[in-house]
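**Student:** Following is a predicted model, sequence given first.
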Amino acid sequence: MPYYIYILYSKKLDKYYTGYCEDISTRLTKHNFGSTPSTKPGIPWIMVYYEQYDTKTEAIKREREIKNKKSRKYIKYLIDKFPSEVRISDG
């Protein structure tokens, strides 16, 4: 089963959230039902970007890479560079 990193956006907070999971549809639903305390204040969240990986380790590594940049500019770069397509890792 593939793993994903994803970036959500809350217009309400004007904030991005980055995470990883196995099922992005279910994960987005959980964020929007308030199941995640850290994102509950920003409901509704929209998925603006995601990448697919073959292993959990790869997904976690990429999530940390994005988070460690601590850069809204970098997140916007990812979204703008790939506005209507999914980024798929070749592994």
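**Tutor:** Right, received. Where do you want to start?
**Student:** Could I have the CA atoms of stretch 71-85 written out in CSV?
**Tutor:** Output of stretch 71-85 as CSV, limited to C-alpha atoms (Å, rounded to 0.1, in the frame of the first residue of the first chain):
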residue,chain,number,x,y,z
SER,A,71,9.0,27.9,4.8
ARG,A,72,5.6,29.0,3.6
LYS,A,73,7.4,30.2,0.5
TYR,A,74,8.6,26.6,-0.2
ILE,A,75,5.1,25.2,0.3
LYS,A,76,3.7,27.8,-2.2
TYR,A,77,6.4,26.9,-4.6
LEU,A,78,5.3,23.2,-4.5
ILE,A,79,1.7,24.1,-5.0
ASP,A,80,2.4,26.6,-7.8
LYS,A,81,4.8,24.4,-9.6
PHE,A,82,2.4,21.5,-9.7
PRO,A,83,-1.0,23.2,-9.6
SER,A,84,-3.2,20.4,-11.0
GLU,A,85,-1.2,17.3,-10.9
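**Student:** pLDDT score assigned to residue 86?
**Tutor:** pLDDT recorded at residue 86 is 50.
**Student:** Select the longest helix from this structure.
**Tutor:** If you go by DSSP state H, the chain has its longest helix at helix 56-69.
**Student:** buried residues in that one?
**Tutor:** Buried residues in helix 56-69, defined by neighbour count with 16 or more other Cβ atoms under 10 Å: 58-59, 62-63, 66. Where you see a C-beta, it was placed from the backbone N, CA and C, and this is true even at glycine.
**Student:** who does that helix touch, helix- and strand-wise?
**Tutor:** With contacts taken as 3 or more Cβ pairs under 8 Å, 6 or more residues apart in numbering; DSSP states H and E, helix 56-69 sits against strand 3-10, strand 15-21, strand 45-53, helix 72-81.
**Student:** out of these, deepest packed?
**Tutor:** Among the helices and strands packed on helix 56-69, strand 3-10 has the highest mean neighbour count (mean count of other Cβ atoms under 10 Å), at a mean of 22.
**Student:** Give me the residues contacting it.
**Tutor:** Residues outside strand 3-10 that contact it (Cβ atoms under 8 Å, 6 or more residues apart in numbering) are 15-22, 24, 27-28, 31, 39, 42-56, 58-59, 62-63, 66, 75, 78-79.
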